[in-house]
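Q: Sequence and predicted structure are below.
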Amino acid sequence: MENRSHFVVAIIFILILGGGAVGFFFWLSTGDNANRTIIIETTQSVGGIGSQSPVKYKGLKVGHIVSVDFDPHDASKVRIVFKVDDSVPLNQSSYGQLATQGITGLSTLTLSTPDLSAPPLKGNPPQIPLHQGLLDRLKKRGKADLAKVSTILDQIQNLTGGENAKHISQILAQLDQATRQLVEAEKSLQPTLAQLPELTQALQDTVASIDRLTEQAIPAIRKAGAAAASAQNVGQSSQDLIRSLNNQVLPHIDALTRQMHDTARQIQQLSAELSAKPQSVLTGPPERRPGPGEPGFDAPGN
């Protein structure tokens, strides 16, 4: 009889201890003063959360999830019912996000209120939206980037494949041929370029000789004119001859001298340009920018 009474007492003690442990565990998992019910309806994936999953606000646990199930009115949506503490500032700007906890794969419902001055929530129970979390945004962006990369690769394949590949090969071959022709033209121009300094020097010597001849002729002509003017016995024909020399010969000599100077300068410019850019024989001279007063001139700073 005494053994039976000890057995009953032990059973009662075990039941009380088990009930206390269950109650304590339930108290820890539900988060204390979570009395305010909130609902989230979303079409997003809500993997990683379930009943009794924690709800946090600014890193602090403020409640727990009551249930996660399909919306009874729309099977395409998921309905999340959770409870939070009354002290959590939630209003019409509030929203929820799913945040992954470490490497366990479990998620936490995180609440945010960007505008504390927004109007209070409406409805009984009120609803807030669910925004995409960081991982969901990265996945969405990654899919969009992969689609763009795939499109670019398809375009490159279309550009470099089929008939376009033949055209590209022909263009490369033509460029290679043009390069070889340019090198050959440059080699063939070397002898000409080597002779240009000698030609320029000879032309300059000729111009110098003409200058000296002109300088020597002008005083002689002037002396002849003075002698003709002072001599009383010189006829009108001598004066006409001297006047003809002054009016016709000297201007031509002066014009010839200026022309020879211009030719020498142009040859020097041509020599310098060919030395710097031999390919201009094939491609033509570089386009000269219009100067002030010419059509198309653009002043600096405009």
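A: Thanks, I have the structure now. As the structure is a computational prediction, the values presented were derived from the model and not from experiment.
Q: Now do the host helix or strand of residue 66, average pLDDT.
A: Using DSSP states H and E, residue 66 falls within strand 60-71. The pLDDT scores in strand 60-71 average 90.
Q: same deal with stretch 212-231?
A: 64.
Q: what do you get for stretch 107-117?
A: What stretch 107-117 shows for mean pLDDT is 90.
Q: Give me the buried stretch members for the strand holding residue 66, please.
A: Neighbour counts over strand 60-71 (16 or more other CB atoms under 10 Å) mark 62-66, 68 as buried. For every residue, glycine as well, the C-beta is placed using N, CA and C.
Q: and what of stretch 176-185?
A: For stretch 176-185, burial by neighbour count (16+ other CB under 10 Å) applies to no residue.
Q: Before we go further, residue 81 is sitting in a helix, right?
A: No. Checked against DSSP: H, G, I helix; E, B strand; the rest coil, residue 81 lies outside a helix; its state is strand.
Q: From residue 42, how far out is it?
A: 12 Å (CB to CB, to the nearest Å).
Q: Return every residue with contacts to both of these two.
A: Counting by CB atoms under 8 Å, 6 or more residues apart in numbering, no residue touches both residue 81 and residue 42.
Q: Make TSV from the buried residues of strand 60-71 and add distance to residue 21 to it.
A: Output for those, formatted as TSV (distance: CB to CB, whole Å):
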residue	distance to residue 21
62	25
63	23
64	19
65	23
66	22
68	26
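Q: Widest-spaced pair of these?
A: 62 and 68 (17.9 Å; CB to CB).
Q: What segments of the stretch 101-250 of the chain are strands?
A: Applying DSSP state E, counting those that start in this stretch to the stretch 101-250 of the chain gives strands spanning 107-112.
Q: pLDDT below threshold where in it?
A: 102-105, 133-137, 139-140, 189, 192-193, 195-196, 213-214, 216-250 (pLDDT under 70).
Q: Averaged pLDDT, the helix or strand where residue 56 lies. What do you get?
A: Assigned by DSSP H and E, residue 56 belongs to strand 54-57. The pLDDT scores in strand 54-57 average 91.
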